[in-house]
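Visitor: 3D model of this:
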Amino acid sequence: MRRPVRHIAVAGGGIAGLTAALSFARAGFDVSVFEQASRLVEIGAGLQLSPNATRILERLDVLRRLMPVAVMPKAVALVKASNLSRLAAVPLGTGARTRWGAPYLTVHRADLHSALLASADAAPRIEIITGAPVRDAALHAHGVTLSVDHERTIREVRCDLAIGADGVWSTLRGLCGGERASRFTGHVAYRAMLRARQAGSSPVSPEEVTAFLHSNFHLVAYPVRAGEEINLVAIRRGKAQAAGWSGKADASALHDAMEGTAPALRALVEMAGPWTTWPIHEVAPKTPWTHPAGLALIGDAAHAISPYAAQGSAMAIEDAEALAAAVAGQPDDVASALHDYERLRRPRIDRVRRRGAFNRFTWHAAGSVALVRDMVLARRPADRLAADLDWLYGYDVENGG
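Guide: Prediction:
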């Protein structure tokens with residue numbers, strides 16, 4: 001049964017949800033965003049925004065708000081954690097905009113969220129309701145009815161399309177017909193921030209993204225907040241823990257994993273803190289993302305993947321624009337629009353997932369595999385390393401690839 005789409009309801013006011021709201025408002029739809037937190041404050045630390053994401057943020061008038069606090073790193077450098085020898089570097093900086101048509105940025109997650117929120121607040125077609133978790137949804141022939149817990153009352157909200165942008169522990173995922181629960185990968189991420197002036201003579205560059213590679217872990221460092229702070233994220237094997245962000249974490253397990261690494265790198269980790277940890281979860285690759293009655297998942301709610309390709313936020317941003325374009329192209333046939341969205345996005349997500357798995361394998365390599373990796377990287381020119389990422393960073397949702 002065909003019916004027109006007029007009103008969009010988004011569950012989740014994070015990066016995915018706000019980008020979806022802006023994308024749909026830009027396409028002429030009215031959007032309501034329901035966020036469970038009483039205040040829209042993004043938790044977390046830093047993130048990398050590659051050109052496939054920043055070109056979308058530019059179209060949504062978000063990038064200009066973000067640029068004053070963003071950093072445009074000159075390169076992504078791969079470094080051996082054991083002796084700090086430089087294996088290779090992918091050139092970025094102004095060359096990234098020239099090559100891929102948009103900048104490669106490192107930002108604090110809260111700064112991106114603030115820029116998205118400011119743009120959403122300025123959009124007359126968007127309303128944001130905080131302190132309003134979506135508890136359930138009913139799918140029927142006339143659209144979707146959300147059960148929203150707001151001001152101690154369960155409120156029923158009718159909409160023509162509901163978007164689950166509620167993250168890796170999504171409430172709405174199970175309604176699409178697949179597994180509701182995400183899966184713990186066996187890896188844990190540690191995050192900390194460091195004032196740039198504290199880094200001093202450490203192996204961290206204030207002008208680059210630096211990935212330190214080791215068989216037991218990898219650690220990525222990059223500048224945020226206009227270069228005033230350095231974001232550190234380390235990933236190693238660990239035990240399952242409670243869902244979500246933790247408070248101050250015991251970093252002793254990370255210190256143990258760094259045995260045999262360069263003293264300067266160990267000193268950097270000891271200097272940084274406090275550390276937080278979170279368990280890395282993935283959503284099964286074949287989990288459905290849509291229901292023809294009018295429900296679509298985006299971002300981690302649909303396809304949470306391990307962060308080894310630094311594409312989690314970028315894929316959520318791409319999803320938001322792709323979904324809005326699909327619905328705007330067929331506003332009177334929501335089922336067909338949702339089918340096209342999922343059909344077009346799955347190959348892209350699968351390829352990014354494979355790239356992340358490849359990075360994890362090579363970054364944590366040991367023995368002869370690590371030796372081969374080092375030899376290959378040493379012989380590969382910088383422009384060829386950049387060309388290897390053309391499919392990823394040069395992708396434009398609006399142009400179909």
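Visitor: Residue 285 reaches residue 351, doesn't it?
Guide: No. Proximity of residue 285 to residue 351 does not meet the contact threshold set by C-beta atoms under 8 Å, at 11.8 Å. All C-beta spots, glycine's among them, are computed from the backbone N, C-alpha and C.
Visitor: Between these two, which is the more surrounded one?
Guide: A count of neighbours by other C-beta atoms under 10 Å puts residue 351 above the other of residue 285 and residue 351, at 14 against 11.
Visitor: Check which element follows the helix or strand hosting that one along the chain.
Guide: Counting by DSSP states H and E, the element that carries residue 351 is helix 334-363. Sequence order places helix 367-379 as the next helix or strand after helix 334-363, per DSSP H and E.
Visitor: Please name every helix or strand in contact with that following helix.
Guide: Packing partners of helix 367-379 (3 or more C-beta pairs under 8 Å, 6 or more residues apart in numbering; DSSP states H and E): strand 86-91.
Visitor: For the next helix or strand after the strand it packs on, list every residue counted as buried.
Guide: Next along the chain after strand 86-91, taking DSSP H and E as the criterion, comes helix 93-100. Going by neighbour count (16 or more other C-beta atoms under 10 Å), the buried part of helix 93-100 is 95, 96, 97, 99, 100.
Visitor: From residue 72, how far off is the residue nearest to the last one when sequence neighbours are not counted?
Guide: Closest residue to residue 100 apart from its sequence neighbours, by C-beta to C-beta, 6 or more residues apart in numbering: residue 51 at 3.8 Å. Using C-beta to C-beta, to the nearest Å, residue 51 is found at 11 Å from residue 72.
Visitor: Which residue of the two possesses the greater neighbour count?
Guide: residue 51 (25 against 17).
Visitor: Surely that one is in contact with residue 102?
Guide: Yes. Using C-beta under 8 Å, residue 51 is in contact with residue 102, at 3.8 Å.
Visitor: what touches both of those two?
Guide: residue 96 (C-beta atoms under 8 Å, 6 or more residues apart in numbering).
Visitor: intersection of neighbour lists for residue 51 and residue 72?
Guide: Joint contacts of residue 51 and residue 72 (C-beta under 8 Å, 6+ apart) are 96, 103, 104.
Visitor: The last one and residue 393 touch, don't they?
Guide: Yes. Counting by C-beta under 8 Å, residue 104 does reach residue 393; the two are 7.2 Å apart.
Visitor: Now list whatever residues contact both of those two.
Guide: The contact sets of residue 104 and residue 393 overlap at 50, 51, 96 (C-beta under 8 Å, 6+ apart).
Visitor: What is the nearest of these to residue 183?
Guide: For those, the residue nearest residue 183 by C-beta to C-beta is residue 50; the value is 25.7 Å.
Visitor: burial count for the closest residue in space to that closest one that isn't next to it in sequence?
Guide: Among residues not flanking residue 50 along the chain, residue 393 sits closest, at 5.0 Å (C-beta to C-beta, 6+ apart). Each residue near residue 393 was counted by other C-beta under 10 Å, and the total is 23.
Visitor: State the distance from the residue nearest to residue 180 when sequence neighbours are not counted to residue 136.
Guide: Nearest residue to residue 180, sequence neighbours excluded (C-beta to C-beta, 6+ apart): residue 174, at 3.2 Å. Here the criterion is C-beta to C-beta. By it, residue 174 lies 10 Å from residue 136.
Visitor: With residue 369 instead?
Guide: Using C-beta to C-beta, residue 369 is found at 48 Å from residue 136.
Visitor: cool, residue 118 as well?
Guide: Distance from residue 118 to residue 136, by C-beta to C-beta: 31 Å.
Visitor: all helices for the stretch 151-300 of the chain, in order.
Guide: 196-199, 252-257, 263-271, 300-303 (DSSP state H, counting those that start in this stretch).
Visitor: and the longest one, what does it pack onto?
Guide: Which is helix 263-271. strand 217-224, strand 229-237, helix 252-257.
Visitor: Low-confidence ranges, the stretch 151-300 of the chain, go.
Guide: Along the stretch 151-300 of the chain, segments meeting pLDDT under 70 span 241-248.
Visitor: Dump the longest strand belonging to the chain to PDB, restricted to CA.
Guide: Counting residues, the longest strand found in the chain (DSSP state E) is strand 183-195. Only the C-alpha atoms of strand 183-195 are listed here, as PDB (Å, rounded to 0.1, in the frame of the first residue of the first chain):
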ATOM      1  CA  ARG A 183      27.900  -8.800  19.800                       C
ATOM      2  CA  PHE A 184      31.000  -8.200  21.800                       C
ATOM      3  CA  THR A 185      34.100  -8.500  19.600                       C
ATOM      4  CA  GLY A 186      36.500  -9.400  22.300                       C
ATOM      5  CA  HIS A 187      38.300  -6.100  22.100                       C
ATOM      6  CA  VAL A 188      38.100  -3.100  24.400                       C
ATOM      7  CA  ALA A 189      39.000   0.500  23.600                       C
ATOM      8  CA  TYR A 190      40.700   2.900  26.000                       C
ATOM      9  CA  ARG A 191      40.400   6.600  25.500                       C
ATOM     10  CA  ALA A 192      42.100   9.600  27.100                       C
ATOM     11  CA  MET A 193      42.800  13.300  26.300                       C
ATOM     12  CA  LEU A 194      46.100  15.100  26.700                       C
ATOM     13  CA  ARG A 195      46.900  18.800  26.600                       C
END
